[in-house]
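[1] Below: sequence and its predicted model.
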Amino acid sequence: MKTASWALLALAASVAAEQVVLGGGNAPSVESYATQFLSDAKQAILSGKKNFDKWVHDGKEFIKQDGMLYELISHPAFDQHQLRVTEPELCDASVKQYSGYLDIAADKHLFFWFFESRNSPKDDPVLLWLNGGPGCSSSTGLLFELGPCRVSEEGLNTTFNPHSWTERANILFLDQPVDVGFSYAEEGTTVNTSPVSATDVYAFLELFMNRFPEYSTQAFHVAAESYGGHYGPNIGSVIHKENKAVAASGKSDLKIINFTSLILANGLTNPKIQMGAVAGLRLRSAQCQALRSRIPTCQRLMQSCYDFDSRFTSSCYTETGLNPYDVRRTCDRQKDGDLCYKEMTWIDTWMNQPKTKAALGVNPALDFASCNMEVNQAFALQGDGAHNSAALLPDIVNDGVRLLVYAGNADMMCNYMGNERWVEALESDFYDEFQSAKSIPWIDSATGRLAGEVRSAGGNGFTAGNVTFVNVHEAGFGRHMVPFDQPEAALDLITRWLANAPLSFVPQAPGIAVVDL
């Protein structure tokens, strides 16, 4: 039995004793529907307690809310924020897990799920994973790509993922902004810009690191996919600025987050440049030709967003009949679903099981959806996606935070050519070196096969580089599926990147070879 389970049983016994002393030993009332799925220990603790009751045990504060038991975590520097934390044993019961909510004031609640590394939790880095959309849950990444398990049997079960990134990292999956996944808001509360959502994420990280200081000293990496090309730079910028402010203030009660790298996976980061690259795709349908004709107009509109912080937006994509995330495939949305992959509905099925919600500390009345199109529309109406998030990166990169951008070569939505071009245009201290750098083969050390190409600047070939772009071969559905379509190669890529080891053999640098990690 896990240490945490022994601690839970001890708390249950202590609470039961307190109830007898206080005259609270009467038979408990009928619990909510979710309670039947809680462990006997948690049911004993909650017996006789009212909703929102709080109490202190062994120096920790607890609360009953929505029929669930949470540890309650606060910090004087964040008086509008608190964490509610529980300990599930789903997906991969062999590792320690935490899940729950960041409560922001009384109206915003962000869901998170944390997994320790399978390897060495006290030594391995911490990685924050964010899916894009905007409006898509990070549970998509967790259950369909890089998490410790994958949804199976049409959502009735999960299977062990041997290529999970938890092989090499402690991973936080966060649903943000509010109304995404299991995150929720009170009526009338919205978040519709990347900068606002980034400040909430920073508060979450400070509360989490202060409660679990054992994870606060390791290298910290932000990894964001698709619209995460906007989320990631904004979150990275806030962390970078706040780290400087904490260091200058000398406050010992706040953590300086060891922000080591930013990883952007098939991201939308500099839309003007990326939109122009669509013309380079070898697509010959009439719809694709129409798409090419709209590029100059779209780029002019995006430039106005760059220059004047305009909210004016325009749709720069058109229906082609192809899967926009994998141009090798067609897409029948009536059969395949809105995201062209019917498997996405399996995630909704599994997450909406009452026993899943109870284990994760989720109100059983909440409905999970992999993507919320109302959130997507709210961001679009603010013109958030038409801004240049790459402009936030030079200060971060120049101060030593490493940047990895990777893209699958079959993706049209955030295609690899556009991603490489905006990295080329990034005016950091590594601009000249990246301009002159050539793409070289990336060989998957696990299989020995060619997995793609890598182009980088910084490190003189002895590291993974300070600014690095990777073109992943045959990785369809680049927004969500590089780790799904190429799981071994994706694990090889992230393993080397986190270790800051060269991503490929470099012929012009004698003595450097493919690193077997």
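    All right, it came through fine.
[2] what's the single longest helix in the protein?
    helix 228-249 (DSSP state H).
[3] just checking, what packs against whichever helix or strand comes after that helix?
    Heading C-terminal from helix 228-249, the first helix or strand you meet, by DSSP states H and E, is strand 259-265. For strand 259-265, the elements it packs on are strand 220-225, helix 228-249, strand 402-408, helix 487-499, judged by 3 or more Cβ pairs under 8 Å, 6 or more residues apart in numbering; DSSP states H and E. Any C-beta I mention is one placed from the backbone N, CA and C, and that applies to glycine too.
[4] as a whole number, average confidence for the helix or strand following strand 259-265?
    Next helix or strand after strand 259-265 toward the C-terminus (DSSP H and E): helix 271-276. Helix 271-276 comes out with an average pLDDT of 80.
[5] C-alpha coordinates for helix 271-276, PDB please?
    Provided in PDB are the C-alpha atoms of helix 271-276 (Å, rounded to 0.1, in the frame of the first residue of the first chain):
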ATOM      1  CA  PRO A 271       0.500  33.700 -37.900                       C
ATOM      2  CA  LYS A 272       1.400  36.200 -40.600                       C
ATOM      3  CA  ILE A 273       4.600  34.200 -41.500                       C
ATOM      4  CA  GLN A 274       2.900  30.900 -41.000                       C
ATOM      5  CA  MET A 275      -0.100  31.800 -43.100                       C
ATOM      6  CA  GLY A 276       2.200  32.600 -46.000                       C
END
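[6] tell me which strands and helices that helix is in contact with?
    By 3+ Cβ pairs under 8 Å, 6+ apart, helix 271-276 packs against helix 295-308, helix 416-425.
[7] and the shortest one, which residues are buried?
    This points to helix 416-425. If you call a residue buried by 16 or more other Cβ atoms under 10 Å, then helix 416-425 has these buried ones: Y416, M417, G418, N419, E420, R421, W422, V423.
[8] any idea which of these is the one closest to L172?
    Nearest to L172 among the buried residues of helix 416-425: N419, at 24.3 Å, using Cβ to Cβ.
[9] Next up, the contacts around the closest one.
    L264, N266, G267, T269, Q274, V405, A407, F469 (Cβ atoms under 8 Å, 6 or more residues apart in numbering).
[10] Just flag the most distant two among these.
    Farthest-apart pair in these is Q274 and F469; separation 13.0 Å (Cβ to Cβ).
[11] Low-confidence stretches in the stretch 1-150 of the chain?
    Along the stretch 1-150 of the chain, the parts satisfying pLDDT under 70 run over 1-34.
[12] Mind doing that once more with 90?
    Applying pLDDT under 90 to the stretch 1-150 of the chain flags residues 1-43, 47-48, 66-67, 77, 79, 105-107, 132-135.
[13] ok, the buried residues of helix 416-425 vs F220, which is closest?
    Comparing these against F220 with Cβ to Cβ picks out V423 as the nearest, at 21.9 Å.
[14] Pretty sure that closest one sits against V467.
    Yes. Between V423 and V467 a contact is recorded at 6.6 Å, counting by Cβ atoms under 8 Å.
[15] Find the residues that touch each one of those two.
    Going by Cβ under 8 Å, 6+ apart, residues that sit against V423 and also against V467 are L403, F434.
[16] re the thing from before, where among the helices and strands packed on helix 271-276 is average confidence lowest?
    helix 295-308 (a mean of 66).
[17] ok, E420 touching T468?
    No. Using Cβ under 8 Å, E420 makes no contact with T468, being 10.9 Å away.
[18] joint contacts of the two?
    V405, R455.
[19] ok, back up a step: relative orientation of the longest helix of the chain and strand 402-408 in degrees?
    Helix 228-249 runs at 170 degrees relative to strand 402-408, counting by axes from the mean of the first three to the mean of the last three Cα atoms, to 10 degrees.
[20] If you count neighbours, what's buried in helix 228-249?
    228-240, 242-243, 246.
[21] And the residues you listed, which two are furthest apart?
    The distance between the two most remote of the buried residues of helix 228-249 (Cβ to Cβ) is 26.8 Å, for G229 and V246.
[22] out of the helices and strands packed on strand 259-265, which comes closest to G385?
    Using Cβ to Cβ, these put helix 228-249 closest to G385, at 6.4 Å.
[23] And the closest one, what does it pack against?
    Contacts defined by 3+ Cβ pairs under 8 Å, 6+ apart place helix 228-249 against strand 126-130, helix 194-211, strand 220-225, strand 259-265, helix 393-398.
[24] So which of the ones you listed is nearest N500?
    Across these, closest to N500 is strand 259-265 (Cβ to Cβ), at 8.4 Å.
[25] what about that closest one, average pLDDT?
    Rounded mean pLDDT across strand 259-265 is 97.
[26] Alpha carbons of it, as CSV, please.
    Taking C-alpha atoms only, strand 259-265 is exported to CSV below (Å, rounded to 0.1, in the frame of the first residue of the first chain):
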residue,chain,number,x,y,z
PHE,A,259,12.4,28.0,-16.2
THR,A,260,14.7,26.0,-18.5
SER,A,261,13.0,25.7,-21.8
LEU,A,262,9.9,26.4,-23.9
ILE,A,263,8.6,23.7,-26.2
LEU,A,264,6.2,24.6,-29.0
ALA,A,265,4.5,21.6,-30.8
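[27] hey, where'd the helices end up in the stretch 1-150 of the chain?
    For the stretch 1-150 of the chain, the helices defined by DSSP state H, counting those that start in this stretch occupy 3-21, 40-46, 139-144.
[28] Just the buried residues of the second one, please?
    Going by neighbour count (16+ other Cβ under 10 Å), the buried part of helix 40-46 is A41, K42, Q43, A44, I45, L46.
[29] Alright, that wraps it up for me.
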